[in-house]
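My questions are about this predicted structure, shown below with the sequence.
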Amino acid sequence: MSDKTIGRVLLLVADSEAAKTATRFAGLFAARCGAAVTAFSVARAGEVRTDLERALAEATTTLGKSSVAVETAIVEGELIAEAAKKARDGYDLTVFGASARTGREGRRLSLAVWQLAKTVDTPVLLIPREAKPSVERILVCTGGERYIEKGVRFVATLARCLAAQVSLLHILPVAPEMYRAWAPVPRTPDRLLAGESRLARVLRDQLAIFQKEEVAATLVLEESDSIERTIFDVCRRIDAQLLVVGSSPIRGRLRTSMLGSVTRDVIVRANVPVLIVRSSPAGLLKDLWKILREG
C-alpha cells in the first residue's frame with residue numbers, strides 16, 4: 001500500500017440545495033481521508049454577501065458534524081477565475097454542486113459548471129442535488145489508454161480511504177459480423193486479460209494500481225456502440241454510487257481541460273456524483289513512441 005493521501009479538499013459553497021448536498025459529500029470524503037476542507041465562496045463585485053455568508057456558516061456546521069477541520073474564505077471577483085486560482089493553492093480535490101436543469105432542449109448544466117469542470121486543475125467532484133452521501137461502489141470508465149493512469153491512481157487512493165469497491169469498465173466497439181468470424185473479440189474479462197495485446201497490458205496495469213492500494217477491483221467488459229447508454233446500464237447494474245470519467249488538459253494560457261462528448265453527456269445525465277480526473281498526455285511524439293514500443 002502506498003502512502004499517498006488526499007489532504008486538502010476545496011468545497012465551493014453557494015446558496016443552493018446542490019451545494020448543501022456537495023457539503024455532505026465533502027464531509028464524508030474528508031472524514032474518511034483525514035483531509036481538511038476549505039469552504040470557499042466567490043461574491044460578484046458589489047453583491048450583498050448575506051446569503052453566501054449564511055451558506056458558508058451552514059456548511060461549516062455540517063462539516064463540523066463530520067469532525068472535519070474547516071476553514072472558510074470568501075472573496076470578491078469572477079467565479080471561474082477565483083475558483084481556479086484557489087484550487088491551484090495545493091488542493092487535491094475540488095467539490096461543488098451541479099444539478100442539471102430540464103428544459104425544451106433536454107437536460108443541461110449551467111455554463112458556470114462547464115467552465116469550472118474545464119478550468120480547475122484538480123480532479124473535480126460534481127454532486128447532483130439528489131445524490132445520497134454514501135460511496136461503497138465506484139465505476140471507473142477507462143478507454144484502455146496509459147494517459148488515464150494518473151487519474152486511476154487518484155481513484156485508487158480515494159477508494160482505499162472510502163473502503164469502496166471498484167469496477168473498471170472498458171467498452172469494446174461492436175465489430176461487423178464478417179470481422180467477428182475472422183478475428184473474434186475476447187468477450188470475457190478473463191480472456192482479454194490473459195492475452196498479450198496492448199489493451200490487455202494496459203488494463204492489467206490499471207487493475208494492479210488498485211491492488212497495490214488493497215482495493216477490490218474487477219474488470220467489466222462490455223461490447224456496445226452506445227458508450228453513454230452502456231455506462232449508465234452498468235452503473236445501475238452494479239449499483240455504483242460514484243462515476244469516474246477522464247478529461248485531457250489543454251496546455252496553454254487558458255489552463256483548461258478538454259471534456260469529450262461522452263464525459264459531457266455523462267455529467268448531464270448522471271444522478272450520482274461524477275468525478276472528473278485529469279489525465280496527463282505526455283505529448284504526441286512521446287505517446288507515439290510508447291504505442292510503438294508496446295506494440
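Arrived safely, thanks for sending.

Could you pull up phi and psi at residue 222?
phi -120, psi 150 (degrees, to the nearest 10).

Please report the distance of it from residue 192.
12 Å (CB to CB, to the nearest Å). Yep, even glycine has a C-beta here, placed from its N, CA and C like the rest.

More neighbours: which of these two?
The residue with more neighbours, out of residue 222 and residue 192, is residue 192; 20 against 15, by other CB atoms under 10 Å.

Residue 172 versus that one, what's the distance?
9 Å.

Between those two, which contacts overlap?
residue 221 (CB atoms under 8 Å, 6 or more residues apart in numbering).

Give me the residue ranges of the stretch 101-250 of the chain where confidence is low.
The model of the stretch 101-250 of the chain has pLDDT under 70 over residues 101-109, 177-186, 248-250.

I figured residue 155 was touching residue 246, is that so?
No - Residue 155 lies out of contact with residue 246 (CB atoms under 8 Å); the separation is 10.2 Å.

what's the overlap in contacts for these two?
residue 277.

Go through stretch 64-78 and flag the buried ones.
Residues of stretch 64-78 classed as buried by neighbour count (16 or more other CB atoms under 10 Å): 66, 68, 70, 72.

taking these one by one, which sit in helices?
Of the buried residues of stretch 64-78, none are assigned to helices by DSSP state H.

need these in TSV with pLDDT, can you?
Formatted as TSV, the buried residues of stretch 64-78 follow (pLDDT from 0 to 100):
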residue	pLDDT
66	82
68	88
70	94
72	95
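
For residue 229, state which of those residues is nearest.
Checking the buried residues of stretch 64-78 against residue 229 with CB to CB, the nearest one is residue 66 at 35.7 Å.

Which residue is the nearest non-sequential neighbour of that closest one?
Leaving aside its sequence neighbours, residue 66 sits nearest to residue 27 (CB to CB, 6 or more residues apart in numbering; 3.6 Å).

list the contacts for that neighbour?
37, 62-63, 65-66, 68, 133.

what comes up buried for stretch 30-50?
30-33, 35, 37-43.

what's the spacing between the strand or helix carrying residue 60 and its chain's center?
Counting by DSSP states H and E, the element that carries residue 60 is helix 50-65. The chain centre lies 25 Å from the centre of helix 50-65; the measure is CA atoms, centre = their mean, to the nearest Å.

go on, stretch 85-92?
Distance, centroid of stretch 85-92 to centroid of chain: 17 Å (CA atoms, centre = their mean).

can you give me the helices in the stretch 151-295 of the chain?
177-182, 189-193, 198-212, 227-238, 261-269, 284-294 (DSSP state H, counting those that start in this stretch).
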